[in-house]
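A.B. asks: Output the structure for:
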Amino acid sequence: MARVGICVPILLSLLADNRWVALGWMLLAGLTDALDGFLARALNQVSDWGKIVDPTADKLGIAAVCIGLIYLGELPLWFVGLVILRDVYLFVGGVIMRRGRGLVLASIWPGKIAVMLLSLLILAVTLPASAYPEWAPKATVRLVLIVASLAVMAYSLIPYTRRWFTLWRQTPPLVG
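C.D. replies: A predicted model of the protein is given here:
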């Protein structure tokens, strides 16, 4: 839940074009995410609640940051629209599985890799251009990460959708 709250200062920092402060908040969000996941597994506290809240917090955080980066001209609107559309698809699929079959499914590796690439893109475009060496201009890094993110996000929809349909057929519906 802390990561949801951290979305506000990240967005405000980006809207003020204070990139280093925004990066600090992003780092804090990433550390709380890693700590939460580590503790949940180490203490055997993985729960349905966590399976819902953790990816939802990721999606809200990414959406908030992307809105700020659109404002700064660092990400194109069409790209952010595709990211949000994919997230809505995953959210709705999860809600349908929960309500129809009582299943709360954890994220799968292609989805985690897509979020990791998207996070790298966000970090790369949040950095000021002056942080880039001559051999790796910001526009090139941005383009490579946008293409890689789109490819993995599109690919990740296949195993998610396949898993939903397989489990839908194998699991009896909820009664009542």
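A.B. asks: contacts and neighbour counts: CA atoms only from here.
C.D. replies: Fine.
A.B. asks: now residue 172, nearest residue through space, not along the chain?
C.D. replies: Leaving aside its sequence neighbours, residue 172 sits nearest to residue 101 (C-alpha to C-alpha, 6 or more residues apart in numbering; 6.5 Å).
A.B. asks: Could you verify my assumption that the one you found touches residue 170?
C.D. replies: No - look at residue 101 against residue 170 with C-alpha atoms under 8 Å: they stay out of range, at 9.7 Å.
A.B. asks: which of these two has more neighbours?
C.D. replies: For residue 101 versus residue 170, neighbours defined as other C-alpha atoms under 10 Å are more numerous around residue 101 (18 against 10).
A.B. asks: Would you map the strands across the protein?
C.D. replies: Taking DSSP state E to define them, one finds no strands in the chain.
A.B. asks: about what we covered before: give the contact list for the residue nearest to residue 172.
C.D. replies: Each residue near residue 101 by C-alpha atoms under 8 Å, 6 or more residues apart in numbering is listed here: 168, 171-174.
A.B. asks: For those residues, work out which two are farthest apart.
C.D. replies: The span of the contacts of residue 101, defined through C-alpha to C-alpha, is set by 168 and 174 at 11.1 Å.
A.B. asks: okay, the two: which has more neighbours?
C.D. replies: The neighbour comparison of residue 168 against residue 174 (other C-alpha under 10 Å) goes to residue 168, with 16 against 11.
A.B. asks: pretty sure that one is touching residue 96, no?
C.D. replies: No - in this structure residue 168 lies outside contact range of residue 96 using C-alpha under 8 Å: 9.6 Å.
A.B. asks: Count the residues that sit near residue 90.
C.D. replies: 19.
A.B. asks: Ok, residue 73 next?
C.D. replies: Around residue 73 there are 11 other residues, counting by other C-alpha under 10 Å.
A.B. asks: mind checking the longest helix of the protein?
C.D. replies: Ranked by residue count and defined by DSSP state H, the top helix of the chain is helix 138-170.
A.B. asks: Please state the offset of that helix from the chain centre?
C.D. replies: Chain-centre distance of helix 138-170: 12 Å, with C-alpha atoms, centre = their mean, to the nearest Å.
A.B. asks: I'd like the numbering to begin with 214 instead of 1 from here.
C.D. replies: Will do, 214 is the new start, and the previous item becomes helix 351-383.
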